[in-house]
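>>> Give the three-dimensional model of this entry:
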Amino acid sequence: MAAFAKAAKSRQRQHRERGQLASRRALGLLEKKRDYLLRADDFHQKRDALRALRRRAQERNPDEFYFRMARARLQDGVHVISQQEEESTPEQQKLLKTQDLKYVEMKRVAEVKKIEQLKSELHLLEAEGKQLNKHTFFFDSKKEVQGFDVALHLNTAPELVGRVYNRPSLEALKKKAVSGITTDGQLQRLAQQRKGQYSLLRQRIERERKMFVIAQKLQTRKDLLDKTQRVKLKKETVNQPAIYRFQFRRKR
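Numbers count the residues shown, from 1 in each chain. Next comes the predicted model:
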C-alpha cells in the first residue's frame with residue numbers, strides 16, 4: 001500500500017518547465033516545447049510547399065497556354081492582371097438589348113402569321129381523313145330515315161362518303177375538275193402531304209413558343225440594367241425567365 005501511495009500521481013510533485021533566467025531576460029522568452037512544436041510544424045509546411053512548387057516547375061510543359069496569360073504581366077516579380085476598359089456604357093447596353101428584343105419579336109410575329117396561314121389551309125383536320133365530330137341529319141318521320149341515302153343526299157359517289165374533306169360532287173367527277181382522287185396511291189400521297197403539313201405546323205408552334213420565352217428573358221435582362229432594388233422570386237429555367245419584384249419608382 002505504501003508503494004502505491006508513492007506511485008500515485010496525485011501525490012507526486014509537478015515538474016514544470018523553467019522560465020528564463022533573470023540574467024538572460026534581455027534575450028527574450030525561453031522557448032518551451034509547445035513553442036518548438038509550432039515552429040517545427042511551420043517549417044515543415046513551408047518545406048513541403050517549396051518541394052511541391054519545385055516539382056511543378058520541373059514538370060511544367062513549356063508549350064502550356066491559357067487565355068489569362070494575354071491579360072497578365074509581370075510587375076516587380078508579381079503577376080498583375082490588366083483591367084479591360086468598358087466596351088459600352090449601361091445606356092448602350094440597354095439600347096442593344098432593345099434592338100435584340102425588337103428583332104426577336106419581329107421574327108415571332110412572322111412565325112405567328114405563318115401559323116395562322118397553315119391553320120386556315122388545314123382547317124385543323126387530321127391527316128388520315130377522320131374527323132372527331134359527327135354530321136347529324138334531321139328528319140320528320142321514321143319513313144324518311146329508313147329511305148335515307150347519304151351519298152344521294154350529299155350528291156357524291158358512295159366510295160367518297162367516308163371523307164371529311166376533298167369530297168367532290170358527281171358533276172365534278174363527270175367533268176374531271178378535281179384531280180388526284182381516283183386511285184388509292186394518289187389518296188395515300190395526299191394523306192402523306194397533309195401529314196407533313198401538320199408536322200410543319202407543330203414545328204412552327206414550338207418555334208414560336210421558344211421565341212416568346214427568349215423575348216421574355218431579353219426583356220428581363222433589359223429591366224435588370226436599371227439601378228433599382230429588386231428581389232428574385234424564381235430562378236430562370238428553360239421554359240420561363242427569372243421572376244423579379246422591383247421596387248416601385250414614380251417616373252416623372
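>>> and R249, that one's in a strand?
No - assignment of R249 by DSSP: H, G, I helix; E, B strand; the rest coil gives coil, placing it outside any strand.
>>> Distance check, the closest residue in space to it that isn't next to it in sequence against T98.
Spatial nearest neighbour of R249, chain neighbours left out: T228 (6.0 Å); criterion: C-beta to C-beta, 6 or more residues apart in numbering. C-beta here means a position set from N, CA and C on the backbone, and glycine is covered the same way. Distance, T228 to T98, by C-beta to C-beta, to the nearest Å: 17 Å.
>>> just the helices in this protein please.
Remark: helices assigned in the chain by DSSP state H are 2-7, 33-58, 90-122, 142-146, 150-154, 170-175, 184-224.
>>> centre of the chain versus the third one, how much separation?
For helix 90-122, the distance between its averaged C-alpha position and the chain's averaged C-alpha position is 20 Å (C-alpha atoms, centre = their mean, to the nearest Å).
>>> so where's the stretch 1-150 of the chain uncertain?
1-11, 84-88, 123-133 (pLDDT under 70).
>>> try 80 this time
Scanning the stretch 1-150 of the chain for pLDDT under 80 picks out 1-17, 62, 66-69, 82-96, 121-135.
>>> Could I get the contacting residues of K107?
M211 (C-beta atoms under 8 Å, 6 or more residues apart in numbering).
>>> for A151, same thing?
With contact set as C-beta under 8 Å, 6+ apart, A151 has these partners: 157-158, 160-161.
>>> Out of these, which comes closest to R207?
Closest approach between the contacts of A151 and R207, by C-beta to C-beta: L160, at 36.3 Å.
>>> Excluding chain neighbours, what is closest to the closest one?
Closest residue to L160 apart from its sequence neighbours, by C-beta to C-beta, 6+ apart: R167 at 5.0 Å.
>>> What pLDDT is listed against the one you found?
If you check R167, the pLDDT there is 74.
>>> and what of the one 4 residues further on?
In the predicted model, E171 carries a pLDDT score of 78.
>>> Report how many residues lie close to it.
The local packing of E171 (other C-beta atoms under 10 Å) involves 10 other residues.
>>> ok, now how distant is it from N155?
Noted for E171: a distance of 8 Å to N155, by C-beta to C-beta.
>>> ok, now E111?
For E111, the distance to N155 equals 40 Å [C-beta to C-beta].
>>> Just want to know which of those two has more residues nearby.
E111 (18 against 12).
>>> Excluding chain neighbours, what is closest to the more buried one?
E208 is the one closest to E111 (C-beta to C-beta, 6+ apart), at 4.4 Å.
>>> list the contacts for the one you found?
By C-beta under 8 Å, 6+ apart, E208 lies in contact with 108, 111-112, 115.
>>> No further questions, thank you.
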